[in-house]
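Participant: I would like the atomic coordinates for the input below:
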Amino acid sequence: MIEPRNVADRLGFFSPAEVRGPAFLVIDRIQGLDPSIQITAVAVALCAMAQAVGLDMRDVINVAENTLRDAEGPYTQHIQAIREYAKGEILRRGA
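Facilitator: Sure thing, here's the model as predicted:
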């Protein structure tokens, strides 16, 4: 079993390419829900996961924002693809 401190140590360790698939999976699994519920549910899950291993959710969000910035170079479309997919699913459901 992975220790909570190891989770904290590994935040931000993975490349945008490695996170892209799981991010798409999360969006895909909840795409049939109301957009407001989608966003709230993901935020609640993030908060619960962070709390479960003793992390401050703001630190986790900072890591995610840094990953977004790192991924926005001229040769990386990973994050933009996630944004477009999420936008399409949220708007398709009717915002």
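Participant: Read off the pLDDT value for the closest residue to residue 91 other than its chain neighbours.
Facilitator: Nearest non-adjacent residue to residue 91, counting by C-beta to C-beta, 6 or more residues apart in numbering: residue 35, 7.6 Å away. (Glycine included, C-beta is placed from N, CA and C.) pLDDT recorded at residue 35 is 90.
Participant: Make sure residue 35 is actually in contact with residue 88.
Facilitator: No - because the distance of 11.2 Å does not satisfy C-beta atoms under 8 Å, residue 35 is recorded as not touching residue 88.
Participant: Among those two, which residue is more densely surrounded?
Facilitator: Between residue 35 and residue 88, counted using other C-beta atoms under 10 Å, residue 35 has the larger neighbour count: 18 against 12.
Participant: any idea how far that one is from residue 42?
Facilitator: Using C-beta to C-beta, to the nearest Å, residue 35 is found at 11 Å from residue 42.
Participant: And residue 30, by the same measure?
Facilitator: 7 Å.
Participant: In terms of packing, which of these two has more residues around it?
Facilitator: Set side by side, residue 30 and residue 42 show more neighbours around residue 30, with 19 against 14, by other C-beta under 10 Å.
Participant: show me where pLDDT drops low in the chain?
Facilitator: 1-5, 71-79, 93-95 (pLDDT under 70).
Participant: Just give me the residue right at the centre of it.
Facilitator: The centroid of the chain falls nearest to residue 23 when counting by C-alpha atoms, centre = their mean (5.4 Å).
Participant: give me the element it is part of.
Facilitator: helix 16-30 (DSSP states H and E).
Participant: Just the buried positions in that helix, please.
Facilitator: Using 16 or more other C-beta atoms under 10 Å as the burial criterion, the residues of helix 16-30 that qualify are 16, 19-20, 23, 26-27, 30.
Participant: Contact partners for residue 66?
Facilitator: With contact taken as C-beta atoms under 8 Å, 6 or more residues apart in numbering, residue 66 is in contact with residue 12.
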